[in-house]
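**Student:** let me see the structure of the following:
(chains A and B)
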Amino acid sequence: METLVYIALFAPFVSSMFAALFGMSPRKTFVGIVASLLLLISFAASVMLMMHIYATGTGIHVRMMDWISAGDLSIPFGFLVDQVSVTMMVVVTLVSTVVHVYSIGYMDHDKSFNRFFSYLSAFVFSMMILVMSDNFAGLFIGWEGVGVCSWLLIGFWYHKADVTREENPSISPSWAANEAFIMNRIADLGMLVGLFIVYWNVGSLQYDAVFSALPHLSGTVLNAAALALFIGAMGKSAQFPLHTWLTDAMEGPTPVSALIHAATMVTAGVFLVIRANPLFSVTPEVSYFIAALGTFVAFFAASMALVNRDLKRIIAFSTLSQLGYMFAAAGLGAYWIALFHLAAHAFFKALLFLGAGNVMHAMNDELDIFKMGGLKKTMKWTYLYMGVASLALAGIPFFAGFFSKDAIIETAYNEGTLVLWAILVVTAGMTAFYSFRQVFLTFEGDERYKAFGIHPHEMYKFVLVAMSPLGILAVIAGFGKGSFEHFVTKLLPEYHMSEHTHHIAWLLGLIVLAFAVSGIVLAYKKYAKKLVRDEKVENSFIYKLLANQYYIPKLYEEFISKPYAMISEHMWKDVDMKIVDATVDGIAKFLYKSGDGARKMQSGNLSNYLNWMAVGAVLLLVVAAFSAMLG
Amino acid sequence: MLQPINVSLESLNLITLAPMLVAIAGGLIILVLDLINSKLHKTLYVMLTLLILFIDFGAVLGLNVNERGFFDVMLIDGVSIISQLMIIVASMLFIPLSLTSKRFHEYSYPEFFALFLFMIAGFQFMVTSDNLILIFVGLETASLALYTLIALHNRSNSFEAAVKYFTMGALSAGFYAMGSAVIYGLTGSIELYKVAAVLSLRMDEASIMIAIFGASVLLLTAFAFKLSLFPFHTWAPDVYEGASAPLAGYMSVVPKVAAFVVSIRIFGMYIDLGIEWVRIIILVLAVGTMTLANIMALVQEDVKRMLAYSSISHAGFIMAALALDTTEGTTAIFLYYALFMFTNLGAFAMLWISRHKVRRFSDRYDNPYEKFAGLINIMPMGAVIMALFMLSLAGVPPFSVFWGKIYVMQAAVNSGYVWLAIVMGLNSAIAAYYYLKLIVFMFLKEPVKSVDTVYYNLSKPLMAVIGLATVATIGAIFYIQPLISYIYYMISASGY
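**Tutor:** Okay, here's the model as predicted:
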């Protein structure tokens, strides 16, 4: 079994190194094929591990080698494969295998084809380290690793020039990459503080040691640690107020958006909360804050998606919104439900993104859904995939999202947090509306793209086939709910609905369904025939507020970026140049001047030299006399 | 009637004289060869000299530690063996540098090689004795030969350098002779171990202290001159400039090693006797030398003069280790020179490669910085190697001189002289400026003149020597530990 662990972990690493060998050479299809095969191996190993753990019910703990041991600090390279991490492993490797195959088709014409696979596999490796590590330090390494890979991949088309915010809200790929990285670094500082608090108080970073030491810690310490760790999670999972980077990250190639910014990396924050559930269960205040923030983000992101016109950005907002759902569940103590939604969401969201990629490919990289329409004629399969994924996202029975999202909303009711429940229900309706607004605008109605002279075409066959596992899972994943619960609650705390909730579960479900269906119907009425633009609505304050993302990116720029740049400039010109540099230069000038002075000794005249020797002898005598007298 | 002196051959222990005799005999053979046939090519003499040095090296290795011989004036201890080995190795590196592609005046004379071997014999006598007279004889033999070697370079500033060096050397010899005379007057002996025994009995007499005072200041002046310590260093830049580049590099190592050995014997004895002010004046000399030489090196416009000042500064560095008078400190002296030797000889050899018959870049200097501008474009390998030597001299890890510096500092800290280590650190920082200045010129500036002439003097033997120096400079990290152990063992075996 240990071998399987290493195969699952290192196959992506080998793949990355292999692709890197050809990083500088022109496109070679076999690089993509080999990388995909290695990912498939990793996936197979993960599935075998899952079956093993399902059968035995116990996790596998391997210790590869000692990594850091300095003084009292000892951090081994250890890996823990249990119910939680194996779920993540299967999800990550499955989605990334599909995305690898998909990329062979999607990146077809890109001259940096090989480099792309190297980065993509490196990302998977980092993500595997993140989920498999048996200690917080390893988790942090993976955490930073996925951050770097995300930076590399968002900025993959780094050669594109910066444009204004009006032209493109994310300015340029390299700008978006930097924004994502810096935002994450800010949050990572919180995470690091959390790790320091844990290490300072427990003396270890191993999960088991930390969790068994929790009962001995004071409430303040626990709250501080939980809050600091959650700040890290907020960055990676793009929760408010660190959410702006995620929509800008759509500048990266679409497979990247599917893999990193929908299915895997952004769920790392949720994973952290689930992984550290013993800590969060003993800090109810922090947990409640998580739930409230999650609910708020779910609504907040959904509201922005209502009016957006950019295909990928709409999906990105919906990702944000669904991450909010997951945090709501985790914050309310239903960790297994959060993990379930995480897995189900990964499948249909990746599918949705890949479908969007197909559309982009067909539309020559056009992303404005107002310029599309009627694509169902040429892109039947993509329409089917995106339709299924949207049904799952909207929570229509009996697609995957129905089971998981419904459970979260039910949890909110069960906990008695009716405000959260109400918001989540409304958000479910909004979700249904914006997903189908997008689907209908893209595939139904009049063919607006013709005005722009675009000739859409369906994606390659093998790409469509490669997407099918995700399509199937988006439909059936929900039926695994019972066995999934049975599987992960061996490790995670069980969560049961109260008798009362159980009784009215059908009613709660019906309410949610009513919202969802009415959302779809509204979208159908408004957009399915043809696009009718309402000037009055589009000029209204609320519409503008939403379309500009509540002016938050602008706010950050005006109140954080610009003042910071101003302070930096002052520090450079006034403090660094005038004080620090001047001091250093002063010392250098003084030394140089004294050198010039001492040069006079070197006259070249022999008599002078002889005089100097005599003077030296006398000086020595004087020094000797003084020191003899004083000594 | 006088009794005939009856000395048994065994008691003379003539083997102790073997190394010097090899060198002297070798010098004589060369002279005789020239008498027989005056048309012999210089390569023969070079190879012959190398051969003799090899035999000399073997003879030194064959010596037993801690033996006396020849009426007890010869003293073979660990210090003398290490220093002789270093002198011979440095000489073996130096001699092939005469096989340049261009002809130079001095190497066409066989006398050059004979004098060179006599000089080595002189240094060897200096380091293998604690008899003040024998030291003096060795010192003067070596110095007189050296003055001549400088003058043989046959340029007006070489003559000037030789005359300056000779005159000032004469003055310092005077100081040495007077200092020794005072010691003899005080103790009735010229053997240092007997002097120490007598002095330790009479330490509490006030009058004797005044005499010791005079004697030690006189001797210190003489050796400060040899070691080019401030303010007795004035000869060094002019002489280095006048001498050929290899000889200048040689002078910055070999005579100083010999002078350090004698200094360790004489001043170490004083410090051991508890005469604390000797330590203080040595420290004053050391700190003054390393600082002022550094500052003066900053403003030099000629690379060779800069290297001259930098050698002075390094000598100050090492002088500080002498003041510590611990086994570690003494080890540091030899370790430093063993590492410095390769790097510094390598750097001077790089100047030798670019030697021209006429000054092309400046009326005043042979090697102005401008000459090396843009060397990376003209001679990439040469520029990189020169940069390595500069980084090593600046004490950048992991190159050789770094280990020497760190060991000296460690010795200072272990003896409680933390301030000294700090002064050394600051000086190293200042020194980095002028070493890096050359690197800036080589790598970041455009060449000034036509590109054809910089590697004018290059030849295979020169490349071999420079390659060896480069390997020793880069590979220090691999041999540093055994080297330290060996030196430490030899030093502690001879009781220092």
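
**Student:** okay, CA-based contacts and neighbour counts for the rest of this
**Tutor:** Noted.

**Student:** in chain B, which spans are strands?
**Tutor:** Taking DSSP state E as the test, the strands found in chain B are B:67-69, B:74-76.

**Student:** what of the stretch 301-450 of chain A?
**Tutor:** Ranges of strands in the stretch 301-450 of chain A, per DSSP state E, counting those that start in this stretch: none exist.

**Student:** what residues does the stretch 501-631 of chain A have near chain B?
**Tutor:** By the rule C-alpha under 8 Å from any C-alpha of the partner chain, the part of the stretch 501-631 of chain A lying against chain B is A:591-592, A:594-596, A:598-599, A:601-602, A:604, A:606, A:609-610, A:612-613, A:616-617, A:620-621, A:623-624, A:627-628, A:631.

**Student:** one step back: among the strands of chain B, which comes closest to B:A387?
**Tutor:** Comparing the strands of chain B against B:A387 with C-alpha to C-alpha, the closest turns out to be strand B:74-76 (39.3 Å).

**Student:** what helices or strands is that closest one leaning on?
**Tutor:** Here strand B:74-76 touches strand B:67-69, going by 3 or more C-alpha pairs under 8 Å, 6 or more residues apart in numbering or on different chains; DSSP states H and E.

**Student:** show me the contact partners of the strand it packs on.
**Tutor:** Here strand B:67-69 makes contact (C-alpha atoms under 8 Å, 6 or more residues apart in numbering or on different chains) with B:11-14, B:16, B:74-77.

**Student:** pull out the buried residues from those.
**Tutor:** B:12-13, B:16, B:74-77 (16 or more other C-alpha atoms under 10 Å in any protein chain shown).

**Student:** lowest-confidence stretch among the strands of chain B?
**Tutor:** Note on these: strand B:67-69 shows the lowest mean pLDDT, a mean of 82.

**Student:** tell me what the strand ranked longest in chain A is packed against?
**Tutor:** In chain A, with assignment by DSSP E, the single longest strand is strand A:60-70. Applying 3+ C-alpha pairs under 8 Å, 6+ apart, one finds that strand A:60-70 makes contact with strand A:73-81.

**Student:** pLDDT averaged over the strand it packs on - what is it?
**Tutor:** Average pLDDT, strand A:73-81: 84.

**Student:** buried stuff in it?
**Tutor:** Buried residues in strand A:73-81, defined by neighbour count with 16+ other C-alpha under 10 Å: A:75-81.

**Student:** quick one: it to chain centroid distance?
**Tutor:** Put simply, strand A:73-81 sits 24 Å off its chain's centre (C-alpha atoms, centre = their mean, to the nearest Å).

**Student:** and chain B, which residues reach chain A?
**Tutor:** Checking chain B against chain A by C-alpha under 8 Å from any C-alpha, the hits are B:164, B:168, B:171, B:213-214, B:217-218, B:221, B:231-232, B:234-235, B:238, B:276-278, B:280-281, B:292, B:295-299.

**Student:** any idea how far A:A343 is from A:T264?
**Tutor:** A:A343 is 9 Å from A:T264, where distance means C-alpha to C-alpha, to the nearest Å.

**Student:** what touches both of these two?
**Tutor:** Joint contacts of A:A343 and A:T264 (C-alpha under 8 Å, 6+ apart) are A:V91.

**Student:** name the residue in the two with the higher neighbour count.
**Tutor:** A:T264 (29 against 23; other C-alpha atoms under 10 Å in any protein chain shown).
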